[in-house]
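> Provided below are the primary sequence and the corresponding predicted coordinates.
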Amino acid sequence: MRGLLALYVANAREYTRDRLALMVSLIMPLVFALFFGLVFGGDDSPEIEIGLADGDGGAVAQQLVAMLQSPGLAGMLVLQQGELQPLLEELRRGKIDLVLSLPGRLSAAVARQETVALPVYYDVSRQSSATLARGFMESFLAQANLALVQAPVLLRPQVQPIQGEPFRAVDFYVPSMLGVAMLWLGVFGTAQPLVEMREKQVLRRFAVTPISRRTVLLAQVCWRVTVGLIQTALFVALGLLAFRMQVAGWLLFVGVVVLGALTFVTMGYFVAAISPSMESAIGIAQILNFALSFLSGSFFQPEVLPSLLRPALYAMPLTYLSDALRQTMSGFPPFLPLGVDVAVLAGWLAIFAALSVRFWRWE
Amino acid sequence: MREPAVEVRQLRKSYGAIRAVDGVSFTVQRGEVFGILGPNGAGKTTTIECIEGLRQPDGGEVLVLGVPKGALSAAIRQRLGIQLQMSGLYPRLTVREVLSLFSSFYERALPVERLLSMVGLEEVQRIQTSKLSGGQRQRLSLALALLNEPEVAFLDEPTTGLDPQARRALWEIVKGLKQEGRTVVITTHYMEEAQELCDRVAIMDHGRIIELDSPQELIRRHFAQTPVELSLPGGPGLSELAGLPAVSSASEENGRYTLYSQDVARTIAALFELAASQGVALEALAIRQPTLEDVFLKLTGRRIRE
């Protein structure tokens, strides 16, 4: 027990004193999560921003403004009033989605029951937001028209909000990148240092002391799971502070983290076991890193992968870890049931452990 | 009588076609300093690592403290101290931390301070091991072998890479171990080291033990003669020198002659006569005590460090 603790501390010192490797392994995945969260996370609020240039100021104009500002439209519409030219400039720069201009003779013409053309400006280069804004504006003006002629209301929509997928990009990327971090912990944080230790014959020195090999291994695995937990704490801090995320289920989440860290650290032992040299360890690590991160649905949603690559997706252990982390950390909709994820991960853990024991070499 | 510290019977180990150890047998008694002497590649390290349990022998039997495969059990390892010729340490741990780490593996261990002063590493105790010099690493490696006050210490070429002063210091440590009644098995390719430290020496060459006895006995057995060394620029050649009275054999190396004489007085007198008659000067004449180096040279026809 004393030996185990001393070895654990020695592993911790050895790991944390390699500042460069420490920074790269702990910080890089965070940078990835931050990057993807910000790039794809953008502010995709459903609000339509409308610029209103009121050249009239009469009763009809006031009535239209009042309708646009009605509480029923709050949360769906942002109204910005101003002069036409500055508003058009904002439209060109993409700050607002549509500009409605009320000509000077509006109120007078309406009073005379004349048809007035209201210029509606939108940016054709921004298809989706422009279509949305135009659709809104057309139905709004039709409604306003009916109100102005005081027609009876025969059809009135009754809004029934249903919670769809209120998920943001960060809800996908932060847990997925935590999965990638676990992969890196395995291939770069475990396999490579182990091969280095074997080449430098560090492990050999322990072999002639009374400490058992099991204890040496146990201390290494314990420390690396600790690194996984530290990594997780950093991710949770990033999610909570920078992206105002909420952890869906703490207990399950931590359980999945420990299982994932164990699986990939054990994979690291397997890679170290089958690598005859440092060069081959680096090569295998790179291949695994590439295959697992891109074919596991961690950088994009697994559903978008073409069916040809589906078998590869299902073969990657990271697929299940990332999916399980998304479900338990951000509550992202499951790709597979959580139970399936956990079972497959546990299976991989057993496979890697058996292969490591089979092929492990101390020197 | 207690069981011997180490018993080796017909030990064999091959690497492919190379027979690294080819039927080696010896017994190390308790309290003995036992040397395994030989050139690089003679099989010394393979032999000692088979005893330590680091290598699996192809054949033969090894008993450590009376127990077959004893060096593999944790209980026996508590009583052994092992210095490896090749081994690494956590590169980013300090000397002090490495000593504490290994101390934690043993039921009892010397205080770190004591170990540091024993091997003279006090000044670098807070330096990371990757920044140590070769000699400092070697001394740290020795401290790791001795930290549990072992009953049997295995030291594999402990003085390789040490400066003369550090080598002397190591010799004092080994002598101290002997005084405390501990057993030491030491490999070396330094003849003077084996001669200085060992109660008995096994001389190995090509995976076999070619001689095994105390250094004094080996020298006495092989050298009733005394080596006389000299240079004789422009003088007579090897064959003429070998024909001098009482000279049983002679050798030459870089213009320097070694004559093995059964009667030094007669040989030297004849030597002066020869030099005077040919009008050449004898240079750097020396009468040496025979050493294990001479024994090795005689047994194998080679110098040990070739």
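Arrived safely, thanks for sending.
> tell me the contacts of residue 213?
Since no chain was named, I'll use chain A. If you count contacts by C-beta atoms under 8 Å, 6 or more residues apart in numbering or on different chains, A:Arg213 has them with A:Phe206, A:Ala207, A:Trp362. C-beta: built from backbone N, CA, C; applies to glycine.
> please go with chain B instead
Counting by C-beta under 8 Å, 6+ apart, B:Asp213 makes contact with B:Arg200, B:Val201, B:Arg221.
> is the residue lying closest to the second one once chain neighbours are set aside in a bridge, and if so with what?
Setting aside the residues directly before and after it, B:Val201 is nearest to B:Gly35 in space (C-beta to C-beta, 6 or more residues apart in numbering or on different chains), at 4.3 Å. For B:Gly35, the beta-bridge partners are B:Ile186, B:Val201 (DSSP bridges).
> and B:Gly35, how far is that from A:Gln69?
101 Å (C-beta to C-beta, to the nearest Å).
> these two - which one has more neighbours?
Remark: of B:Gly35 and A:Gln69, B:Gly35 carries more neighbours, 29 against 11, as counted by other C-beta atoms under 10 Å in any protein chain shown.
> ok, that one to A:Val258 distance?
53 Å.
> now swap in A:Gln150 and tell me
Taking C-beta to C-beta, one finds A:Gln150 at 68 Å from A:Val258.
> compare the two (neighbour count), which wins?
Remark: of A:Gln150 and A:Val258, A:Val258 carries more neighbours, 14 against 6, as counted by other C-beta under 10 Å.
> correct me, but that one touches A:Arg224?
No. Between A:Val258 and A:Arg224 there is no contact under C-beta atoms under 8 Å: 11.3 Å.
> which residues in chain B form strands?
B:6-15, B:18-28, B:33-37, B:59-64, B:67-68, B:80-83, B:152-156, B:183-188, B:200-205, B:208-213, B:226-231, B:247-253, B:256-261, B:283-287 (DSSP state E).
> by how many degrees do the last one and strand B:256-261 diverge?
Comparing the axes of strand B:283-287 and strand B:256-261 via axes from the mean of the first three to the mean of the last three C-alpha atoms, to 10 degrees yields an angle of 30 degrees.
> what does chain A put close to chain B?
A:2-3, A:5-7, A:9-10, A:13-14, A:17-18, A:197, A:200-202, A:204-205, A:207-212 (C-beta under 8 Å from any C-beta of the partner chain).
> domains of chain B?
By the assignment in automatic domain parsing, chain B contains the domains B:6-219, B:224-289.
> now distance to A:Ala133 too, for those, in JSON lines please.
Below are the domains of chain B laid out as JSON lines (distance: least, C-beta to C-beta, whole Å):
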{"stretch": "domain B:6-219", "distance to A:Ala133": "60"}
{"stretch": "domain B:224-289", "distance to A:Ala133": "99"}
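> return the most buried member of those domains.
Burial of these is given as mean neighbour count (mean count of other C-beta atoms under 10 Å in any protein chain shown); domain B:6-219 ranks first at a mean of 19.
> let me see the mean pLDDT of that one.
The pLDDT scores in domain B:6-219 average 91.
> end-to-end on it?
25 Å (C-alpha to C-alpha, to the nearest Å).
> before we move on, the earlier item: what subset of the residues of chain A next to chain B is buried?
Buried by 16 or more other C-beta atoms under 10 Å in any protein chain shown: A:3, A:6-7, A:9-10, A:13-14, A:197, A:200-202, A:204-205, A:207-211, out of those.
> tell me how far the helix or strand harbouring A:Tyr269 lies from the chain's centre.
Per DSSP states H and E: A:Tyr269 is located in helix A:250-274. The chain centroid and the centroid of helix A:250-274 are separated by 21 Å under C-alpha atoms, centre = their mean, to the nearest Å.
> just after it, pick out the following helix or strand.
From helix A:250-274, the next helix or strand downstream (DSSP H and E) is helix A:278-294.
> in the helix or strand just after that next one, what counts as buried?
Next along the chain after helix A:278-294, taking DSSP H and E as the criterion, comes helix A:310-315. In terms of neighbour count (16+ other C-beta under 10 Å), helix A:310-315 has its buried residues at A:Leu313.
> now do helix A:310-315, average pLDDT.
pLDDT averaged over helix A:310-315 gives 89.
> which helices and strands sit right next to it?
If contacts are counted by 3 or more C-beta pairs under 8 Å, 6 or more residues apart in numbering or on different chains; DSSP states H and E, helix A:310-315 sits against no helix or strand.
> any idea how far the following helix or strand past it is from the chain center?
Per DSSP H and E, helix A:310-315 leads on to helix A:317-329 as the next helix or strand towards the C-terminus. Taking C-alpha atoms, centre = their mean, one finds helix A:317-329 lying 12 Å from the centre of the chain it belongs to.
> repeat for stretch B:67-85
21 Å.
> any idea what the residue nearest to B:Val247 when sequence neighbours are not counted is bridged to?
Computed as C-beta to C-beta, 6+ apart, the closest residue to B:Val247 that is not its neighbour in sequence is B:Leu259, at 4.8 Å. Beta bridges link B:Leu259 to B:Val228, B:Ala250 when assigned by DSSP bridges.
> and B:Ile51, what does it touch?
B:Val6, B:Val8, B:Val62, B:Val64, B:Ala71, B:Phe154, B:Val185.
> same question, A:Val39
A:Val39 makes contact with A:Ala169, according to C-beta under 8 Å, 6+ apart.
> tell me the buried residues in the helix holding A:Tyr269?
Quick answer for helix A:250-274 (16+ other C-beta under 10 Å): A:252-253, A:256-257, A:259-274.
> packing partners for it?
helix A:169-186, helix A:192-199, helix A:213-242, helix A:278-294, helix A:317-329, helix A:338-359.
> quick one: furthest residue from the center of chain A?
What lies farthest from the middle of chain A is A:Arg112; by C-alpha atoms, centre = their mean that is 56.6 Å.
> over to that one: give its phi and psi.
Main-chain torsions, A:Arg112, degrees, to the nearest 10: phi -90, psi 10.
> distance of the closest residue to A:Phe235 other than its chain neighbours relative to chain B?
What sits nearest to A:Phe235 in space, not counting adjacent residues and going by C-beta to C-beta, 6+ apart, is A:Leu178, at 4.6 Å. Relative to chain B, A:Leu178 is positioned 27 Å away (C-beta to the nearest C-beta, to the nearest Å).
> OK, contacts around A:Leu178?
A:Pro29, A:Ala33, A:Gln231, A:Thr232, A:Phe235, A:Val257, A:Leu325, A:Met329.
> from the contacts of A:Arg213, which land in helices?
Using DSSP state H, the members of the contacts of A:Arg213 that fall in helices are A:Phe206, A:Ala207.
> nearest to A:Leu308, of the contacts of A:Arg213?
A:Trp362 (42.3 Å; C-beta to C-beta).
> ok, the closest one touching A:Val202?
No. A:Trp362 is beyond contact range of A:Val202, at 10.1 Å (criterion: C-beta under 8 Å).
> how about the helices in the stretch 1-150 of chain B?
Along the stretch 1-150 of chain B, the stretches classed as helices by DSSP state H, counting those that start in this stretch are B:44-52, B:74-77, B:95-103, B:112-119, B:134-146.
> pull the distance from the last one to the chain's centre.
This points to helix B:134-146. The answer for helix B:134-146 is 17 Å, by C-alpha atoms, centre = their mean.
> could you check the angle it makes with helix B:112-119?
Using the same axes, to 10 degrees: helix B:134-146 against helix B:112-119 is 130 degrees.
> which elements pack onto helix B:134-146?
strand B:80-83, helix B:95-103, helix B:112-119, strand B:152-156, helix B:164-179.
> got the contact list for the second one?
Helix B:95-103 is contacted from outside by A:6-7, A:9-10, A:13, A:209, B:89-90, B:93, B:109-110, B:112, B:115-116, B:121, B:124-127, B:129, B:132, B:136, B:140, B:143-144, B:147-148, using C-beta under 8 Å, 6+ apart.
> how far is that helix from where the chain is centred?
Worked out by C-alpha atoms, centre = their mean, helix B:95-103 lies 27 Å from the chain centre.
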